[in-house]
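Engineer: no letters, just coordinates:
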């Protein structure tokens, strides 16, 4: 099989009309604070409004204000636009707008460009007062050409100076104008977008930015020898454009949750930012605790007294919360835990993408601590899953985990605006008298479920404890008590599992290769599957939303494929690495579980590059396996 | 009944009366002679005197001998993790202003493994009644040095005697900003113990009571000495303080006038390691309360919530 791209790889030498594309990847890279992200987000919103599929992902430096013009200072955004739905960030960039010559190198380090990538670069550096900067610029341009990128040197600052005294402020809107021309965006929509993003500023600010937009557009029309068209399918559905962390926040609100107790940790914190903005008027509060342990303890306290709370964290915070997670499971307290994963172990790579916490979430607590673990695979699912998770947490009297990562946390995708429903929200705290004869843990033998007394319920008084306890809530270390109560908590998970349906297969029901994924990688995996199928490969994929308990029927599905392989962003030993044998190989995390659960010899394809999976890399692996 | 009608009665007749026995549950399994028993009794008496509805009363504890406390109260209880009683209690109280929440913690629980939470709990100043059972030793794990053990304490971790000066919980608490109520009492003077716990309960805010406790099992000598000491004890006297009864005044003859609004003197008294001051060190009724913030936007209807969410969603609509 041979990989081929659906995108244009080189601009036309002469203006020969618009080149029609189905997909394109645009990046805007700059130093922090130059507004590249605002330009990119606006470009994405304009495109979504026009009916294009969009996926954007921010390029974020690790430091707040790193020294400018360095590899570490690159800030920016990638926007992938398509004629139809776009589910992931894609492969290499097709077109890059660079505000300086250093920024592209930080992307080249990440393997983000390819031969033929168009680079539109600010040329003011060529005439800079500092000879070392002039030299650096000249060398970079030569290097880009050597690497077979297609370079356009653009007088961005010079053109902006005609309209504003400081080109640093406003260059991004000029660039938005230029991109609007290149991709044939509707200028009226773009102007509306500017009015929207500056709505809190004066009309003069809006006018000045609209002027810059039009100037960028005009300059491009006059001076560029290429233009693209990405046909859209306008729909009258109302769309929302947001990232996964924002969607989590709105899901939390829509679920009626009133308490988010957290401690700041990248990349999870922004969930609480969004909540903090809205809670005041939506009847809730963010509690910023003194540490990760206090954050979950506080949430458990809130849940115990009747208001199921949310805590948001990432790997290092999850590790600290482990003891309390065990308590919530042992004492059967409903709780929502969002883990926006990052690179690990230890402090790892805070801003990078990894799905490294799956096993820690599943098994990271002392003793037998079975859990319900879900993983949204799209931005929309980030919204929906919180609503479902709250219901599950309360019905099954247990913590529910939602696993996300930076790919979803910072990825932006339009989805249909949900119509909020009162029944998504938690009921008022039950303060009716407790049934005299019912015990606080009156487990149902069939399901392990029991009803929970809440402070204020007369007659329900009990002492919650993390010690082994009887149905009456009394401490007991009798062998049969511990055996039975552990079984009851496990049975709850099995009972919940019975409510799940087998996952849908993307592609044919049988074939040569089945890819299995979870979480944020769905878009890339399904795109690779589709491309492989277009090339004649008998490849399908399946994506798991529930990691514990798992959706049923997996073994039956696996049996219909000659080979099954998980695709994940976490570590696995390379089979060809020194010392590695079939017996001692460490598999990626989902593969471990699936192998144990199904006894199918499941392979894995994974890395810990900290980057979103590229469909092309998955496709390359597929083509090695399916001839 | 018998022609009585509530409408014509000059005194409110409560619908229910909670005798003290209603707050007791099971038989406390602390060692004989352990100070915990007296505190349990004092707290049950307080509940009855205040007629706290058992269903609206929550005792939150950590881990350790003292943290078994909630199991012996017939109210709601939360016997959680070692050192973590404060965050749990704060979460319980945050959106439930209708609940009376007590925290029962020990010297290891509060001043060692949970010390970080302790400092912040003081600053949050939520309306919690906090009882620090300080017996200066780890009892449940069988005699290890506690952060409040006097230097030289012989323990299983320091058989030659502990090597660091102890933490002073009163001094520490008084050093935290937004502190609002700090008092000290001892388990072996029941009337003073009761008066102190009652004052703590009545204070609206984070009421911190350090109770010196006897541990006849692992600190027998130390406990005996403490009880026998009279000359090193001073009663803090003030009309706004804790009023000792006559017997207590006779038992401890050293009386120091101390205005509990004077934090500088309170800190100076707390620093005096040679003397045990009993009574109210400090009270500030106007300290900011985080529980009031927590309860300030309660009770939104689903419709109100949905309207707020929808308004914000506008910013994300395309």
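Structural biologist: The structure has been received and is ready for your questions. All figures in this text were calculated on a predicted structure; none of them were measured in a lab.
Engineer: packing partners for the lengthiest helix in chain A?
Structural biologist: Secondary structure assigned by DSSP state H gives helix A:203-223 as the longest helix of chain A. Under the contact criterion of 3 or more CB pairs under 8 Å, 6 or more residues apart in numbering or on different chains; DSSP states H and E, helix A:203-223 touches helix A:156-161, helix A:171-182, helix A:187-197. All C-beta atoms are positioned from the backbone trio N, CA, C, and that covers glycine.
Engineer: can you lay out the ones you listed as TSV showing mean neighbour count and mean pLDDT?
Structural biologist: Converted to TSV, the helices and strands packed on helix A:203-223 look like this (neighbours: other CB atoms under 10 Å in any protein chain shown; pLDDT from 0 to 100):
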stretch	mean neighbour count	mean pLDDT
helix A:156-161	20	96
helix A:171-182	27	97
helix A:187-197	17	94
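Engineer: just tell me which of the ones you listed ends up closest to residue B:305.
Structural biologist: Nearest of the helices and strands packed on helix A:203-223 to residue B:305, taken as CB to CB: helix A:187-197 at 25.0 Å.
Engineer: quick one, phi/psi of the one residue sitting closest to the centre of chain A?
Structural biologist: Against the mean C-alpha coordinate of chain A, by CA atoms, centre = their mean, the closest residue is residue A:408 at 0.8 Å. For residue A:408, the backbone dihedrals are phi -80, psi -40 (criterion: degrees, to the nearest 10).
Engineer: residues in contact with stretch B:279-286?
Structural biologist: If you take CB atoms under 8 Å, 6 or more residues apart in numbering or on different chains as the criterion, stretch B:279-286 is touched by B:170, B:174, B:179-185, B:196, B:199, B:203-205, B:235-238, B:240-242, B:244, B:258, B:260-263, B:266, B:269-270.
Engineer: next one: stretch B:297-312
Structural biologist: A:250, A:253-254, A:256, A:277-285, A:420, A:422, A:425, B:95, B:97.
Engineer: do stretch A:162-172 as well
Structural biologist: A:28, A:30, A:34-36, A:38-39, A:99, A:122, A:124, A:156-158, A:160-161, A:208-209, A:211-212, A:215.
Engineer: if you count neighbours, what's buried in it?
Structural biologist: A:163, A:164, A:167, A:169, A:170, A:171, A:172 (16 or more other CB atoms under 10 Å in any protein chain shown).
Engineer: now do stretch A:567-574
Structural biologist: Buried residues in stretch A:567-574 (16+ other CB under 10 Å): A:567, A:568, A:569, A:570, A:571, A:572, A:573.
Engineer: what do you get for stretch A:495-512?
Structural biologist: A:495, A:496, A:503, A:505, A:506, A:507, A:511, A:512.
Engineer: thought the second one was touching residue A:551?
Structural biologist: It stands for residue A:496. No. Residue A:496 is not in contact with residue A:551 according to CB atoms under 8 Å; the separation is 11.4 Å.
Engineer: can you map out the helices along the stretch 201-350 of chain A?
Structural biologist: A:203-223, A:244-254, A:270-282, A:292-304, A:315-331 (DSSP state H, counting those that start in this stretch).
Engineer: Serialize the ones you listed to a markdown table and add fields for mean pLDDT and mean neighbour count.
Structural biologist: Compiled in a markdown table, the helices of the stretch 201-350 of chain A are given as follows (pLDDT from 0 to 100; neighbours: other CB atoms under 10 Å in any protein chain shown):
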| stretch | mean pLDDT | mean neighbour count |
| --- | --- | --- |
| helix A:203-223 | 96 | 18 |
| helix A:244-254 | 98 | 29 |
| helix A:270-282 | 97 | 21 |
| helix A:292-304 | 98 | 30 |
| helix A:315-331 | 98 | 23 |
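Engineer: where are the low-confidence patches of the chain?
Structural biologist: Using chain A. A:1-16 (pLDDT under 70).
Engineer: my question was about chain B
Structural biologist: Applying pLDDT under 70 to chain B picks out residues B:1-14.
Engineer: on that earlier part again, go ahead and name everything in contact with the longest helix of chain A.
Structural biologist: Contacts of helix A:203-223 (CB under 8 Å, 6+ apart): A:159-160, A:162-164, A:170-171, A:173-182, A:187, A:190-191, A:194-195, A:198-199.
Engineer: swap the cut-off to 6 Å and go again
Structural biologist: A:159, A:163, A:170, A:173-174, A:176-178, A:180-181, A:190-191, A:194-195, A:198 (CB atoms under 6 Å, 6 or more residues apart in numbering or on different chains).
Engineer: how big is the angle separating that helix from helix A:187-197?
Structural biologist: 150 degrees (axes from the mean of the first three to the mean of the last three CA atoms, to 10 degrees).
Engineer: who are the neighbours in contact with whichever residue of the stretch 451-600 of chain A sits closest to chain B?
Structural biologist: Going by CB to the nearest CB, chain B is nearest to residue A:463 of the stretch 451-600 of chain A, at 3.2 Å. Contact analysis of residue A:463 by CB under 6 Å, 6+ apart lists B:70, B:71, B:77, B:79.
Engineer: how many neighbours does the nearest residue to it once chain neighbours are set aside have?
Structural biologist: Spatial nearest neighbour of residue A:463, excluding adjacent residues (CB to CB, 6 or more residues apart in numbering or on different chains): residue B:77 at 3.2 Å. By other CB atoms under 10 Å in any protein chain shown, the residues close to residue B:77 number 26.
Engineer: and the helix or strand harbouring residue B:77, what other elements does it pack with?
Structural biologist: Residue B:77 belongs to strand B:76-79 when elements are defined using DSSP states H and E. Contact here means 3 or more CB pairs under 6 Å, 6 or more residues apart in numbering or on different chains; DSSP states H and E; on that basis strand B:76-79 packs against strand A:463-465, strand B:57-61.
Engineer: in its sheet, what does the longest one sit against?
Structural biologist: Okay, so that is strand B:57-61. strand B:76-79 (parallel), strand B:100-106 (parallel) (DSSP bridges).
Engineer: can I get those in JSON lines with distance to residue B:85?
Structural biologist: Shown next, in JSON lines, are the strands paired with strand B:57-61 (distance: least, CB to CB, whole Å):
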{"stretch": "strand B:76-79", "distance to residue B:85": "8"}
{"stretch": "strand B:100-106", "distance to residue B:85": "5"}
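Engineer: coming back round to it: and among the helices and strands packed on strand B:76-79, the most buried is which?
Structural biologist: Highest mean neighbour count of those: strand B:57-61, a mean of 29 (counted as mean count of other CB atoms under 10 Å in any protein chain shown).
Engineer: list the contacts of that strand.
Structural biologist: A:455, B:67, B:69-70, B:73, B:75-79, B:85, B:88-89, B:92, B:99-104.
Engineer: next, the angle from it to helix A:292-304.
Structural biologist: Put simply, strand B:57-61 runs at 150 degrees to helix A:292-304, going by the same axes, to 10 degrees.
Engineer: how far does strand B:57-61 sit from its chain's centre?
Structural biologist: Averaged C-alpha coordinates place strand B:57-61 at 11 Å from its chain's average position (CA atoms, centre = their mean, to the nearest Å).
Engineer: and for stretch A:327-339?
Structural biologist: Counting by CA atoms, centre = their mean, stretch A:327-339 comes out at 23 Å from the chain centroid.
Engineer: swap in stretch A:116-124?
Structural biologist: So, by CA atoms, centre = their mean, the centroid of stretch A:116-124 is 29 Å from its chain's centroid.
Engineer: can you name the residues of the stretch 51-200 of chain B sitting close to chain A?
Structural biologist: B:54-56, B:58, B:70-71, B:74-79, B:81, B:84, B:87-88, B:90-92, B:94-96, B:99, B:117, B:120 (CB under 6 Å from any CB of the partner chain).
Engineer: which ones among the residues you listed are found in strands?
Structural biologist: Mapping those onto strands (DSSP state E) picks out B:58, B:76, B:77, B:78, B:79.
Engineer: now distance to residue A:598 too, for the residues you listed, in TSV please.
Structural biologist: Formatted as TSV, these follow (distance: CB to CB, whole Å):
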residue	distance to residue A:598
B:58	46
B:76	44
B:77	44
B:78	41
B:79	40
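Engineer: looking at these, spot the one nearest residue A:438.
Structural biologist: Nearest to residue A:438 among these, with distances taken as CB to CB, is residue B:76, at 15.3 Å.
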